[in-house]
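In: here is a sequence together with a model predicted from it:
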Amino acid sequence: DSGVTQTPKHLITATGQRVTLRCSPRSGDLSVYWYQQSLDQGLQFLIQYYNGEERAKGNILERFSAQQFPDLHSELNLSSLELGDSALYFCASSPSGGSGQPQHFGDGTRLSIL
Amino acid sequence: DAKTTQPPSMDCAEGRAANLPCNHSTISGNEYVYWYRQIHSQGPQYIIHGLKNNETNEMASLIITEDRKSSTLILPHATLRDTAVYYCIVRPFSGSARQLTFGSGTQLTVLP
């Protein structure tokens, strides 16, 4: 158990819809990262937040957005969903985001677009 | 970020040591070497990381060559539960973007 909690574990929805994925970091961790894993793209970094502020952006589509709340949990919002958005979405956390601190991953949310 | 090269697959007999190589010939002095593994579709699991010295923890040992251009992850007594994709990642310790950049990894299969 990494201590990172992601909900829901599975999500099935239709094209054009909007979903919200939730992540609770490990106790004491201030930095949250979101990753997407699809069959053809592998694990790709989407976005990082540190203590409520966006710190880094990766290959995140404009249809996707995220935020980190004062209690440090984070949400990833995916809108105007397309078939290609079907993937595993992982959240990871670390104490401060420094590179000497490993990121610990949750078990992910499996998103299926029908 | 520096890129890494890993063999796509390896087999290891149960109970034997699994030695997973990684080439990172373009690594710079301000980059760590990290190892993660992913069992089936579970979340990636942190194994170990190091800068230039060899490291050991309860899961594995990490041997980094003196020139830092390659490293080896050693699982001393592999079990069937160690079957997973193993990722070697280099990660800068300065700059704003310190995310993990995953490559294709090595599929390790532990055989009974």
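Out: Arrived safely.
In: burial count for residue B:55?
Out: 17 (other Cβ atoms under 10 Å in any protein chain shown). To be clear about C-beta, it is placed using only N, CA and C from the backbone, and glycine gets the same treatment.
In: pLDDT below threshold where in chain B?
Out: B:1-2, B:94-98 (pLDDT under 70).
In: residue A:107: what secondary structure?
Out: coil (DSSP: H, G, I helix; E, B strand; the rest coil).
In: what residues are up against the residue nearest to it when sequence neighbours are not counted?
Out: Spatial nearest neighbour of residue A:107, excluding adjacent residues (Cβ to Cβ, 6 or more residues apart in numbering or on different chains): residue B:43 at 5.0 Å. Shown in contact with residue B:43 (Cβ atoms under 8 Å, 6 or more residues apart in numbering or on different chains): A:2, A:4, A:90, A:92, A:105, A:106, A:107, A:108.
In: top of those residues by neighbour count?
Out: residue A:92 (29 neighbours).
In: now what about the helix or strand encompassing that one, what contacts it?
Out: Counting by DSSP states H and E, the element that carries residue A:92 is strand A:87-94. With Cβ under 8 Å, 6+ apart as the test, strand A:87-94 has contacts from A:3-4, A:6, A:21, A:23, A:25-26, A:29, A:31-38, A:41, A:43, A:74, A:76, A:101-106, A:108-111, B:41, B:43-44, B:100.
In: and for stretch A:4-23?
Out: So stretch A:4-23 is in contact with A:24-26, A:32, A:34, A:73-83, A:89-93, A:104-114, B:43, going by Cβ under 8 Å, 6+ apart.
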